[in-house]
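>>> predicted model and sequence below, questions to follow.
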Amino acid sequence: MKDDCNQMELLLTEFADDELEAADAERVAAHVAACADCRAELNRELALRNALGGLPVQVGPSIDVPAGRSVPRSPFAGRRRRWSLAGGLAAAALAAVLFLPTGSGDAPTTVAETDIDAIRRDARTSLLLTASILAKSERHTVVDVFGRQLPAAIRGAIPDKAVTPEGGQG
Amino acid sequence: MDATTYTRVLNEHRDRVFSRALYVLRDREDAEDVTQEAFLRLWRTGEAIPADRAGYWLQRVVHNLCIDQTRRRKVVRARFGQPDTEATDRLVAPDSGHWATDLDGNQEALLNAMAALPAETRSVMMMHYYQGMKLREIAACLGKTVAALKVQIHRARKTLRPLLEAQGCGAPTARSETG
């Protein structure tokens, strides 16, 4: 009986869809009439259908319709602008962190070592702030920026606690 | 596909595509991204797609995009260690604990329980139950067999059952059995 139930349960979706051949449909109907477990399973199937089928339709985002046959303006254009600004900030901060001379000897004589250290700290803070903004605003693309375009040496310069504030796997 | 046809397909499918992505991903921004990307791809490859097949084509693309988006989210979470609370809460109205959409109790419980299913299975479930596609249509759309889909949905139902009962939503069964 249990094997029969397992077979029947697999047919219930199509049975509810009215997609079974007549002979199979009759077999399932007869079984369901006699088997409380399968009747319950069929009821669950119908309830699932009613609940999910009745979910409200949500209004989607507005999408530009192209005027001609050319590739339409990207619907992500606005986001890309935002990214380019944030990316520019990040690049500037990175450049500051990377290319400022260290305080160990080859610093320009016109800039005091303490100033350089302060600038470096500011640049690092800016970078972390930018990274934080990026992580919050476009989480799913952050990996592209920080994972693929950022050299490992730079990535290593970002303290884990700044990028992983929740202290996760990092 | 010319602009007129594209506009018609867009108006016909946009909200359903978005809704399906929203219910699968549970994240409004992700769902918007998926919807926009799907229609962008439709336009870019539109010449090769007959207008009457655009709906099926969109279903498959949205299915794949939802899976990709879920994977990407996992990667971000793994690399940055951020719990994905924003993603799972973005549909939930602040301070209420309820979805910020017009759902009845069963629907809300069901969608919450479905979060336990893989995104691929959620997407198949939405194609079948939400969009009303027959198994053979989904099979043709996704390149699967009907038998595989039957097993997948059957397993999903079994996974959902204890979760719904734990939330006090064995109601559909009880209602039907008594009714």
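Looks like it came in fine. These figures come from a predicted structure and were not determined experimentally.
>>> residue ranges with poor pLDDT in chain B?
Within chain B, the stretches with pLDDT under 70 are B:76-101, B:167-179.
>>> what residue lies at the spatial centre of it?
B:Val24 (3.2 Å; C-alpha atoms, centre = their mean).
>>> other SSEs contacting the top helix by length along chain B?
In chain B, taking DSSP state H as the definition, the longest helix is helix B:54-80. Under the contact criterion of 3 or more C-beta pairs under 8 Å, 6 or more residues apart in numbering or on different chains; DSSP states H and E, helix B:54-80 touches helix A:139-142, helix B:3-25, helix B:28-45, helix B:119-125, helix B:135-142. Yep, even glycine has a C-beta here, placed from its N, CA and C like the rest.
>>> can I get those in TSV including distance to B:Ile67?
Formatted as TSV, the helices and strands packed on helix B:54-80 follow (distance: least, C-beta to C-beta, whole Å):
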stretch	distance to B:Ile67
helix A:139-142	13
helix B:3-25	9
helix B:28-45	10
helix B:119-125	5
helix B:135-142	11
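>>> nearest to A:Ala29, out of those helices?
helix B:135-142 (18.7 Å; C-beta to C-beta).
>>> now the element after that closest one, going C-ward?
Tracing the chain C-terminally past helix B:135-142 and defining elements by DSSP states H and E, one meets helix B:146-166 next.
>>> list the contacts of that next one.
A:9-11, A:13-14, A:41, A:44-45, A:48, B:109-110, B:113-114, B:116-117, B:121, B:124-125, B:128, B:135-136, B:138-139, B:170, B:172 (C-beta atoms under 8 Å, 6 or more residues apart in numbering or on different chains).
>>> kindly recompute the last result at 7 Å.
Applying C-beta atoms under 7 Å, 6 or more residues apart in numbering or on different chains, the external contacts of helix B:146-166 come out as A:9-10, A:13, A:44-45, A:48, B:109-110, B:113-114, B:116-117, B:121, B:124-125, B:128, B:135-136, B:138-139, B:170.
>>> right, so of the helices and strands packed on helix B:54-80, which gets closest to B:Arg71?
Ranking the helices and strands packed on helix B:54-80 by their distance to B:Arg71 (criterion: C-beta to C-beta) puts helix B:119-125 first, at 8.1 Å.
>>> tell me the contacts of the residue nearest to B:Met133 when sequence neighbours are not counted?
In space, and not counting its chain neighbours, B:Met133 is closest to B:Met127: 4.9 Å by C-beta to C-beta, 6 or more residues apart in numbering or on different chains. Going by C-beta under 7 Å, 6+ apart, B:Met127 touches B:Gln59, B:Met133, B:Ile138.
>>> what's the closest of those to B:Lys144?
Looking across the contacts of B:Met127 and measuring by C-beta to C-beta, the closest to B:Lys144 is B:Ile138, at 7.2 Å.
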